[in-house]
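1. What follows is a predicted structure for the sequence shown.
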Amino acid sequence: MKPYRPAFFFDRDGVVNQPPPPAMRYLRRWEDFHFIEGMPALLAEVKAAGYLMVLITNQQGVGKGLMSAEDLAELHRAMQAELAEHGAAFDRIYAATGLAEVDHRRKPSPQMLHEAASDLGITLAQSWMIGDHDNDMRAGKAAGTGTIRVVGEKAVTVSSDHEARTVDELATVIRTLFTG
Ligand SMILES: [Mg+2]
């Protein structure tokens, strides 16, 4: 049997990295990917505290033909290599790349969180979903995790258990959730 562990699930754009400017819409290239300052260090802290860390991202740009699956994989390889230098690489990355109308794995579906729970042995009820969009909060709630909202430019119509406006606030919230 797998040893079941808690996890922190992270949305990507707007949480880990600066969201793409509206005109760009989808990040296709590593040179356009910029970590939010302080996030690699915070991810390293979460990992060092013994939590699994899983990236859960909707990337419809692939389904729209604006980028290839290989572009996305290459971007994530580069991201992971950079994070690994900080001791902060994600344990697994799940991306929903199909069009919204047909891709049932996309957030707000909890599908990708369930896949991660099964693949990695995660106790969802002791885990947290962190995101900047209502659909991140919906996915977390549907999977039975706690929710942490990174408040940014996105409209907020879904409640969350915790809110953070800066990386420092997010770090403070996360530290209060560390157990043992
Ligand atoms: Mg986001």
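-> Received the coordinates, thanks.

2. going forward, measure contacts between C-alpha atoms and count neighbours the same way
-> OK.

3. Take the longest strand along the chain, keep the C-alpha atoms, and write them as CSV.
-> Secondary structure of the chain per DSSP state E: the longest strand is strand 52-58. What follows is strand 52-58, C-alpha atoms only, in CSV (Å, rounded to 0.1, in the frame of the first residue of the first chain):
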residue,chain,number,x,y,z
LEU,A,52,3.8,16.5,-2.1
MET,A,53,3.5,19.3,-4.6
VAL,A,54,1.4,19.0,-7.7
LEU,A,55,0.9,21.4,-10.5
ILE,A,56,-2.7,21.4,-11.9
THR,A,57,-3.0,23.6,-15.0
ASN,A,58,-5.6,24.2,-17.8
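
4. For the helix or strand following it, which outside residues touch it?
-> Counting by DSSP states H and E, the next helix or strand C-terminal to strand 52-58 is helix 69-85. Applying C-alpha atoms under 8 Å, 6 or more residues apart in numbering, the set of residues contacting helix 69-85 from outside is 28, 29, 30, 40, 62, 89, 90, 97.

5. thinking again about what came up before, just how off-centre is the longest strand of the chain within its chain?
-> The chain centre lies 4 Å from the centre of strand 52-58; the measure is C-alpha atoms, centre = their mean, to the nearest Å.

6. Can you list the helices and strands that it packs against?
-> Counting by 3 or more C-alpha pairs under 8 Å, 6 or more residues apart in numbering; DSSP states H and E, the packing neighbours recorded for strand 52-58 are strand 7-10, strand 92-96, helix 111-120.

7. and with 7 Å instead?
-> Strand 52-58 is packed against strand 7-10, strand 92-96, with contacts defined by 3 or more C-alpha pairs under 7 Å, 6 or more residues apart in numbering; DSSP states H and E.

8. which of the contacts of helix 69-85 are buried?
-> Among the contacts of helix 69-85, the ones that count as buried by 16 or more other C-alpha atoms under 10 Å are 28, 40, 62, 89, 90, 97.
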